[in-house]
Each structure stands twice: as structure tokens, then as C-alpha cells.
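Peer 1: Build me a structure from this.
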Amino acid sequence: MRDHFLAKILKFGVYAAAFIPLVIFSQFISPFHFGKVIVFRSIIEILFVFYLILIWKNKSYLPSRNLIFWAFLLFTLVFGITTLTSSQPYESFWGTLERMGGFWSFLHFFVYYIILTSVIRTRKEWLRLLDIAIFVGILSAIYGFGQKTDIKFFIGSGNRARIFGTLGNAALFGGYELMITFLSLTLFLRTDISRNKRLYYFAGLAVAGASTLMTAVRGSILGLALGLVVFAFLSAWKYRSAQAKKMLIVLVAAMAILVAGVLLFRGSDFIKKSGYLTRITDFSFKSYTVQTRFWAWEAGLKGWRETPNNIILGWGPENFNIPFSRNFNPNFFTGMGAETFFDRAHSMFVESLVTMGIIGLAAYVLIFFASLKTLWHKLRQTANADAPYFIGMISLLVAYIVHNAFFFDTSANFLLFFTVLGFISFLSYGSPEISSSGKGISKKQELSFAVLLILTAVLIYKTNIIPAKANYATTRAIVSGWQGDYRGGVDKFKESLSYNTFGSYEYRHRYAEFVFENYSKLTAQDILDVIKEVEKNASRSQLDYLPHLYLARLYILLGKDDPNSEYNDLALAQANKALELSPKFVRAYYETGQAYANKKEYDKAIEEFKKAIALNPDVGASYWYLGNIEGQKGNTDTAISLMEKSLSVPNRYSITEPELLKLASFYIKKNNYPKLAETYERLVRFKTRKAEYSATLAAIYARLGRIEDAIAQAKEAAKLNPAFESEARSFVNSIGGTW
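Peer 2: The predicted model follows:
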């Protein structure tokens, strides 16, 4: 193989990688990220072998070492250093299943950048790559538009209020389409293109711009607006164009009118009737979404300031959850199912500072500084014909900086962003000349090539294929549970964990959740088996409270029927360990409280639930569980008061059917028939036992003297279940009614 043939293979690989944002592994956990990274890493690992042979033969294919290259290299080195010094190196290296980040994956993006800037060397080749990127962005946007329909082909369909395309998250998608928008705008304004090409770029601009707006991500929309203002300003400055100046004035005026309109009309019925308008016009610091960002940043920054090591090197990449949990804000917990786990800071700048320290933030900022510096320098010197490239790329970077101030990057965004960096490098510095070696591959090189390919195949199998098999086995376990095959589900979880590969942390917790949901169909041994697995997570991730919380719940299941069981003491030990690691995590007090309740130490259980209430008095679940303990202790009046309060606080408790029956039993003890009627009025809304509930409600109404209502409910009971008709007729006659 000669140089040009190797280079062609590498170019083809780069073009193929541009389609990665469209990859979705729908039958896998993390379907929008896992598959993208697995495929991308496999492609890059294969391409890297060809690249090593190419530069061995011809060193002129080495990338241009310029300011942008050194900035990217520095950030990669800092990423590696902070992985070595991380509080949890395993997580920093491999990342998490949800985001598929970590140093190992990021290293592939750096290799991609090297290959990209080494083999894509002409303007024609760069424009071809950008054309593909825009095409992929259009396809991803069209997929997002499909999510506004009920067509099942589109994952996430069902007339979504906010689309997320092929990226699985509206904010990630917003940032991705934001870059596509500015790429399309930049190429649309070229003077040396055909009418068809101009239409193509206009389509990219329109589709990507519309999809950015349809995400309703305020950071992306703000980035879009500011990016357009920068584009208009630089155009007016560069071209001394009256038209560009008018456009700038129009944009600034439009933004001013929009802001004024938001301030004047955001409380109007017109705005309130639209979920989209309500969201994008809500810039209040009291907005829950805005507050959660501030709470997360505050927790992370508190953790960052803990030690000099944290200040300089951070907690380690992919470890934002550690300082977040140590400084957890109880306001995050609004009840069962609340979002209480932030694995990212929702700001790349805060994320870099907290996880990689000052050096990480400086290195990340340097990438933007180096790019903007070189672009500005070239813009001042370049002829007007090439100015749209530099104006467009500066505007893109400004827009993306704004977006990333409120969110973070994952695979698809990184891929496009580093492609843009490569293009900026080409625009600013060009590409070194290629000197052809004119020789084929030597025998020594052939042997090395074969060995490297074999090693790469092993690497792909170990780090990509085996994790994929484990992931798929986990989803089969979950599906088995949905289908009622609980034993099959357990077996599939065990198969997944037998691979002992990346992702096992998440699979063990999924296994534990499976047992929580289906423990009545499983055995005590099944619970003990999953405990052994979750203990591995606790042992490996010693700063993470979550495994201890899972262990506490599992031990509570084992000890619930025996006050003297040692499992209740083990549950307390694990819950207290979780609280050591996250002292203000409200949910952990539920575990200590339940463990004490299992032991029938009700006073201690009450104290634990009171601690939960003190941390966040607005959570209905805390009052409900406390009321339940008071009821077990025999304090019926107190139990009723607390349970009723749980239904009236701001984050009121979502009461279930069995819990309504529990509340009804307390009302029966106190002969409180008005409240009993209210409770059964809620129970008849449930589909199960509806006829029985209607019959009971009829009797309650009769006792309250509500005869007409009693007759109506009796007839409803007979209608729902004909077996009740005879009894219902007798009941109606007994209260003086007619059938």
C-alpha cells in the first residue's frame, strides 16, 4: 500500500465518522450515547493503525503543530493527569454508562483530531466533510421533527413539547444543531458556490435553526441570538456594509423587543397557554430549572474549595457527583422519583473547574482563546471573499461558549466541535506540504501492520464488543421482568455481570432495582445474591453514597418481617454510611427510619423522619412516612394529621391505592365519615376493585344522609359487577330508594 492509498482509507474513515451522530442503539441502556461511542471508538482504533503505518512511511503526514493543536493537546494531557490523581480513577478513565465519557473515550477524540488534520488537507476535502456534517445535522433534525408525531419509528415520538433528535437530550441536541446552524450560515454566504449548493446550505440553516428553537433550550436560543449579533457586527465591520449595519440594528432591536415583550407579557394567558412560550420566556431565578443549576454549581464549587488538591486538580473527570452529593442541597428532593443525582455540572466551565481544577478550566478556556485569537488575526488580514469563513467560525464559537455555559458536551457534540476546530486550524494555518515517499510498505511494516491489526481487534472486542454484550444482556433482563419472567430476568442480570466489564456499576444497580420491584416473586437468596454484587460497587466507589443506599434498601427487605433480624442492623449501618458521604441527602433518612421501624423502635424511626422533614419541610412523602410510623405506634390522630399534611404541602405526596386504604382505616377508627367519604371518592377513580369501592362509598353516603348519592353509587357498583346487583337492590330499598 502506498501513501495515497493509506490516506484515502483514512479520509473515508473520517467521512464515515461524521455519520456517528445518527447512531442509536435502541435496545441498549443509554441508547443515544452508548452506541455512538462504541462505534466511534472502534472506527478510530482501526484508523489509528493505518495512520501509524502512514506516518511511519511518510512523516509529512504528521498534523500541523499550531496554537490550536497545542491547546487541544494540553487539555488532553490535563484530562489524563487529573484522571491519574482522581478521587475515583476508574470512573475518570472509563466514564459512566449514561454519558459514555471518561479519559479513554476522550483520547479517541484527540486521535480523531490528529487524523482529521493530517489527512484532510485541501479546502475541497474540508468542504466535503462539512457538507456531510450538515447533511447529518439535517437528518438528525428531521428525526427530531418526527418526535412531534405519533409515528413509532421515531424514538421519543408522541408530540413531544421539546425535541431531541438523535441525541436523546434536548439541550445536547440544541448545542449540536446550533453548530450546524452557523456552519450552514457560513457556507451559505460564500460567493463561489452554485445555486443548488446555496439552496442546500439554506436548507441546513433553516432546518437546524428551527430545530434549535424547537428544543426550547434557553441557553441554546440565547447562544443563537448572540451568535447572530456577532455575525452581523463583524460583517458590518469587515465589509463596511450599510446592509450589514442595518441587519445588526434589526437584530439588536429584535432582541430588545423580545426581552421587553417577555417582561411585559410573560404572565399573560397567551403565554401561559403555551408550554413552549412559558419555558423560553421564564428567565426568573426562581424557576425550578434555573435554581437546580445554581444549586448544582454551588455544591460543586463548595467541593472544589475543600482542599488545595481539589482547587488545582479537581475531583477527577466524571466525578462531579461526589462533591455534589457531599454538599447536596435538600431542595433537590421533592419526593420519590425526584432528580437528586447530578453526574455533570450542567456547565462545561463549572464541570472543568470542579473535576479538573484550575488547570482543567484554564486548558479548556485556552482551546476557545486559541481558536478565537487565530480567527480574529486572520479576519483582519484576509480578503473580503474569504471573510465569511472567519466571521462564521467566530460567531459559532461565541454561540457555543454561551450554550456550554449552561450545559455540557457528550460524544456527538464533541465530534462536531473538534471537526470545527480542525477546520479552524486549516483556515488559520493551512496544511503542510505532502512529500510522497513513492514506496510501498516494507516487509517489516507489513508484519507490524498485521500485529497492530490483531491487537486492535482484541482491543475492540475487550473494550467495545464485550461491554455491548453486557449492556444488551441487561436490557434483556429488564424486558424479562416486564414479561413476568422474573427468574429469566435474574439469570440475564447474572450473565451481564459475568462479563465483568465497563458498565457493571450501573448494571448492579439496575439489578438491585429489579429486585426491589419484584422481590415478592423472588427468594431471599436472590436478594442476598444482588447484595454481593452491590457490595462490589461500594468497595470500588468508596466516596459514592449510592451503593450504600441500595444496600440499606436490600437489607430492609430481608429484615422487614423479623424485628430481631441482623439484617435491620446491617441496613442501619449502610444507611448511616450513605449519610456520612451525603449528610443532607433526605432519602437516606427514609432508610434509617424504615430500618428502625422494622426493629419496632418507633421513637427512633420517628426521629429519623423528623430529620428528613427538617431538611426540606415541603416534601409530602416525609410527612406520609412519619404518619405511617405514628399509626403503627398507635397515635391515630397524629397519623391522620401528618398524612393529610402530606397531601397539602407544595411537593405533595402521590398517594397510591393501598395507601388510601390505609388512610381510610384510620378514619374508620375515628368514625370520621366525611373524610372517609372523601377518601373513597378518590378510590373509585382507580380501576381495580372499583365496584367494591362504589359499594362501600354508597354505605358511607347513606350514613351521612346523602341518599341520592348513596343510590347512585349502589347502582354503579351493580353496573360494574352484576354479582353486586341483588345486594345493591336490597341496600337501595333499605334506605327508602327505588331501583
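Peer 1: which residues touch residue 717?
Peer 2: Neighbour list for residue 717: 691-692, 694-695, 698, 724, 728 [criterion: Cβ atoms under 8 Å, 6 or more residues apart in numbering]. C-beta: built from backbone N, CA, C; applies to glycine.
Peer 1: give me that answer again for 6 Å
Peer 2: By Cβ atoms under 6 Å, 6 or more residues apart in numbering, residue 717 lies in contact with 691, 694-695, 724, 728.
Peer 1: In which helix or strand does it reside?
Peer 2: Secondary-structure assignment from DSSP states H and E places residue 717 in helix 707-720.
Peer 1: After that helix, which helix or strand is next?
Peer 2: Downstream of helix 707-720, the next assigned helix or strand under DSSP H and E is helix 725-734.
Peer 1: circling back: could you give the angle of the helix holding residue 717 to helix 725-734?
Peer 2: Here the directions of helix 707-720 and helix 725-734 differ by 170 degrees (axes from the mean of the first three to the mean of the last three Cα atoms, to 10 degrees).
Peer 1: Going by neighbour count, which residues of helix 707-720 are buried?
Peer 2: 709-718, 720 (16 or more other Cβ atoms under 10 Å).
Peer 1: Ok, stretch 27-37 next?
Peer 2: 28-37.
Peer 1: can you redo the residues you listed as TSV with pLDDT and distance to residue 221?
Peer 2: Compiled in TSV, the buried residues of stretch 27-37 are given as follows (pLDDT from 0 to 100; distance: Cβ to Cβ, whole Å):
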residue	pLDDT	distance to residue 221
28	95	31
29	95	31
30	94	27
31	94	26
32	95	22
33	95	24
34	96	29
35	96	29
36	97	25
37	97	28
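Peer 1: how about the residues you listed in CSV, adding distance to residue 81 and secondary structure?
Peer 2: Below are the buried residues of stretch 27-37 laid out as CSV (distance: Cβ to Cβ, whole Å; DSSP: H, G, I helix; E, B strand; the rest coil):
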residue, distance to residue 81, secondary structure
28, 32, coil
29, 30, coil
30, 27, coil
31, 33, coil
32, 30, coil
33, 25, coil
34, 27, helix
35, 30, helix
36, 26, helix
37, 22, helix
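Peer 1: Distance to residue 129 for those - can I get that in TSV?
Peer 2: TSV is the format used below for the buried residues of stretch 27-37 (distance: Cβ to Cβ, whole Å):
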residue	distance to residue 129
28	28
29	31
30	27
31	26
32	23
33	23
34	25
35	22
36	18
37	20
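Peer 1: and which of those residues is nearest residue 637?
Peer 2: The closest of the buried residues of stretch 27-37 to residue 637 turns out to be residue 29 (Cβ to Cβ; 47.1 Å).
Peer 1: if I look at that closest one, how far off is residue 510?
Peer 2: Noted for residue 29: a distance of 7 Å to residue 510, by Cβ to Cβ, to the nearest Å.
Peer 1: intersection of neighbour lists for those two?
Peer 2: Counting by Cβ under 6 Å, 6+ apart, the residues touching both residue 29 and residue 510 are residue 474.
Peer 1: out of the buried residues of stretch 27-37, which one sits closest to residue 164?
Peer 2: residue 32 (7.9 Å).
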